[in-house]
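Novice: take this sequence and fold it.
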Amino acid sequence: MSIISALVMATFTTPEKIGADPQSMLWLLPLVAAIAIVYKATKLPEIKAANFLKEAVILFGSIVVFMSITALVLCTFAWLVIE
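Specialist: Below is the predicted model of the structure:
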């Protein structure tokens, strides 16, 4: 096995370090977009471009809003416990 092959395989065995700061959390948005698109592609009985896009955007927005509210509640709870 060559060194390049070993290095490529090593990148898949070591987890990527992602911080917990707000800038790092922006990496969640492409994941949420992919989840919304795939979910709507499997659940809609008939896929039309306008309807599909509208449904995927609504689902994307609702997931982001729910995650934001959950993060605020958990941060508030942690702040109250620490104080």
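Novice: with residue 71 as the reference, measure out to residue 78.
Specialist: Look at residue 78 and residue 71: by Cβ to Cβ, to the nearest Å, they are 10 Å apart. C-betas here are computed from N, CA, C, even on glycine.
Novice: ok, now residue 83?
Specialist: 18 Å.
Novice: more crowded one of the two?
Specialist: residue 71 (12 against 5; other Cβ atoms under 10 Å).
Novice: list the buried residues of the lowest-mean-pLDDT helix or strand in the chain.
Specialist: Least confident helix or strand, the chain: helix 22-25 with a mean of 77, by mean pLDDT, DSSP states H and E. Judged by neighbour count (16 or more other Cβ atoms under 10 Å), helix 22-25 contains no buried residues.
Novice: C-terminal to it, what's the next element?
Specialist: The helix or strand immediately downstream of helix 22-25 is helix 28-43, counting by DSSP states H and E.
Novice: which residues are in contact with that next one?
Specialist: 47, 52, 55-57, 59-60, 63-64, 67 (Cβ atoms under 8 Å, 6 or more residues apart in numbering).
Novice: so how far is that helix from its chain's centroid?
Specialist: Its chain's C-alpha centre and that of helix 28-43 lie 9 Å apart, by Cα atoms, centre = their mean, to the nearest Å.
Novice: so which bits of the helix or strand that comes right after that helix are buried?
Specialist: As assigned by DSSP H and E, the chain's next helix or strand after helix 28-43 is helix 49-82. By neighbour count with 16+ other Cβ under 10 Å, helix 49-82 contains the buried residues 55-56, 59-60, 63.
Novice: closest to residue 24 out of the residues you listed?
Specialist: residue 63 (17.8 Å; Cβ to Cβ).
Novice: distance check, the closest one against residue 83.
Specialist: Taking Cβ to Cβ, one finds residue 63 at 31 Å from residue 83.
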